[in-house]
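**Q** Compute the structure for the input listed below.
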Amino acid sequence: MPQTIDELKQRVKRTSDIFSTILNDQNGWTQLSEDKRTQLTTGVNKAYGQAMAFQHEYLTTRKGENKARTVITQTHADVTTGHADALFAKSSECKSVTKPDKGAVNKVIGDAIEQLGGTTGHNPRLEDVRIVDIQVSGPNNKWPAAGGEYGTDRPAEWLTEIERMAKVEITTIVNSNKPGATAVRAWLAGQTFANVQGTGRLRNVTTDVHHQFLPPQTVHPNPKSSRPVYQDAKSAIHKIRCLTIKIRYNPTYPITDQPPPNCLHGLLELVLQFYQKPNAVGLSLELAKRVVLVSDQWQAQSIRSIWS
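**A** The predicted structure is shown next:
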């Protein structure tokens, strides 16, 4: 018989009570041996890391459901959103990193790519955008910069330098000889194109909406999507196979660039993409989007023009 939700709630509360009791007892902490302190620290960090990872996957699932989209979990990827023929259809591997070192982020990116390559039990759909969605939790991790340690906040860095280092790290991971990475590269390079008239991103694609009592409107159905697409000679829009790497920072990564006066200024998110451009040799890596926090307002900055 499966556990009831009430039993799970009791265990969550009991776990919190146990850790809180020990950590709030200063005399008890000082009496613990160094080995026991290490074990307790490891236990807290593991529980926290697992909770953050599950929360990231849960919120991604709920986001798709709140848009009234079909959501499938733990089949093609951690979270798959949309019917296979939808232009926005995507499969995401959702990971969270709570450790402070760069290697921890690189490891989960590599693990996620292995999953998206179909080597670990997941079965990615052929034309979905395959997404590695990483949440870097806590102020200590300096990725993509080296170093990082508990108790030391990451220093401010130039935005262009963060982006440059991120591309170096991502390129190394994607170009590894691991089976999943090899499979993902082969999938990206295996696309065929027909009658390409222009390329762009799904957020720029418009459609005409007609209503019985209102004048016709031109709208952007997917205003936030950075998915690469191409247009053929008949103006039809087609998907371009794409591996997207999202790096989210919580809290933001401080930026050395001069902020507006009296404003908060930090990097919330980087979105990088590998894909095969029509008539190009080899895969391309592009910075598709950055999200910067300025005065508590999210400012998504488009990197590419509408059509190229």
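**Q** tell me, how many neighbours does Thr60 end up with?
**A** By the criterion of other Cβ atoms under 10 Å, Thr60 has 21 neighbours. (Each C-beta comes from the backbone N, C-alpha and C, glycine too.)
**Q** That one is in what secondary structure piece?
**A** With the criterion set as DSSP states H and E, the secondary-structure element containing Thr60 is helix 34-66.
**Q** I'd say Ala156 and Thr252 touch.
**A** No. Proximity of Ala156 to Thr252 does not meet the contact threshold set by Cβ atoms under 8 Å, at 10.5 Å.
**Q** So which of these two has more stuff around it?
**A** Thr252 (17 against 14).
**Q** Surely the more buried one is within a strand?
**A** Yes. Counting by DSSP: H, G, I helix; E, B strand; the rest coil, one finds Thr252 located in a strand.
**Q** what's the distance between it and Gln258?
**A** Separation of Thr252 from Gln258 (Cβ to Cβ, to the nearest Å): 16 Å.
**Q** quick one, what contacts Pro216?
**A** For Pro216, the contacting residues are Asp208, Val209, His210, taking Cβ atoms under 8 Å, 6 or more residues apart in numbering as the criterion.
**Q** pLDDT for these - can I get that in JSON lines?
**A** Compiled in JSON lines, the contacts of Pro216 are given as follows (pLDDT from 0 to 100):
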{"residue": "Asp208", "pLDDT": "77"}
{"residue": "Val209", "pLDDT": "75"}
{"residue": "His210", "pLDDT": "74"}
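**Q** Can you tell me which of these has the most neighbours?
**A** Val209 (11 neighbours).
**Q** Indicate each strand paired with the host helix or strand of that residue and its parallel or antiparallel sense.
**A** When elements are defined using DSSP H and E, Val209 is found to belong to strand 207-211. For strand 207-211, the paired strands and their directions (DSSP bridges) read strand 214-219 (antiparallel).
**Q** other SSEs contacting the helix or strand following the partner strand?
**A** On the C-terminal side of strand 214-219, the nearest following helix or strand under DSSP H and E is strand 228-231. The contact analysis (3 or more Cβ pairs under 8 Å, 6 or more residues apart in numbering; DSSP states H and E) places strand 228-231 against strand 198-201, strand 237-239.
**Q** just how off-centre is the first one within its chain?
**A** What that stands for is strand 198-201. 22 Å (Cα atoms, centre = their mean, to the nearest Å).
**Q** Pull out the buried residues from it.
**A** Of the residues in strand 198-201, those with enough neighbours to count as buried (16 or more other Cβ atoms under 10 Å) are Thr199, Gly200, Arg201.
**Q** swap in stretch 217-237?
**A** Applying 16+ other Cβ under 10 Å to stretch 217-237 flags Asn222, Ser225, Ser226, Arg227, Pro228, Val229, Tyr230, Gln231 as buried.
**Q** Ok, stretch 162-174 next?
**A** Residues of stretch 162-174 classed as buried under the neighbour-count rule (16+ other Cβ under 10 Å) are Ile162, Glu163, Met165, Ala166, Lys167, Glu169, Ile170, Ile173, Val174.
**Q** likewise stretch 54-66?
**A** His56, Glu57, Thr60, Thr61, Gly64.
**Q** One more: stretch 253-263?
**A** Tyr253, Pro254, Ile255, Pro259.
**Q** Specify which member of those residues is nearest to Ala194.
**A** Set against Ala194, the nearest of these by Cβ to Cβ is Tyr253 (41.3 Å).
**Q** quick one on the thing from earlier: now the buried residues of strand 198-201 in JSON lines, please, with extra columns for distance to Asp128 and pLDDT.
**A** Conversion of the buried residues of strand 198-201 to JSON lines gives the following (distance: Cβ to Cβ, whole Å; pLDDT from 0 to 100):
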{"residue": "Thr199", "distance to Asp128": "19", "pLDDT": "92"}
{"residue": "Gly200", "distance to Asp128": "19", "pLDDT": "90"}
{"residue": "Arg201", "distance to Asp128": "16", "pLDDT": "91"}
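**Q** Convert the C-alpha atoms of stretch 22-37 to PDB, please.
**A** Listed in PDB are the C-alpha atoms of stretch 22-37, where the atom choice follows Å, rounded to 0.1, in the frame of the first residue of the first chain:
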ATOM      1  CA  ILE A  22      20.200  19.800  16.800                       C
ATOM      2  CA  LEU A  23      21.200  23.000  15.100                       C
ATOM      3  CA  ASN A  24      19.500  25.300  17.600                       C
ATOM      4  CA  ASP A  25      21.200  23.600  20.600                       C
ATOM      5  CA  GLN A  26      24.500  25.400  20.600                       C
ATOM      6  CA  ASN A  27      25.800  23.300  23.500                       C
ATOM      7  CA  GLY A  28      24.800  20.200  21.700                       C
ATOM      8  CA  TRP A  29      26.600  21.300  18.500                       C
ATOM      9  CA  THR A  30      29.900  22.000  20.400                       C
ATOM     10  CA  GLN A  31      29.700  18.500  22.000                       C
ATOM     11  CA  LEU A  32      29.500  16.700  18.700                       C
ATOM     12  CA  SER A  33      32.700  15.300  17.300                       C
ATOM     13  CA  GLU A  34      34.100  16.700  14.100                       C
ATOM     14  CA  ASP A  35      33.000  13.500  12.200                       C
ATOM     15  CA  LYS A  36      29.400  13.900  13.500                       C
ATOM     16  CA  ARG A  37      29.300  17.600  12.500                       C
END
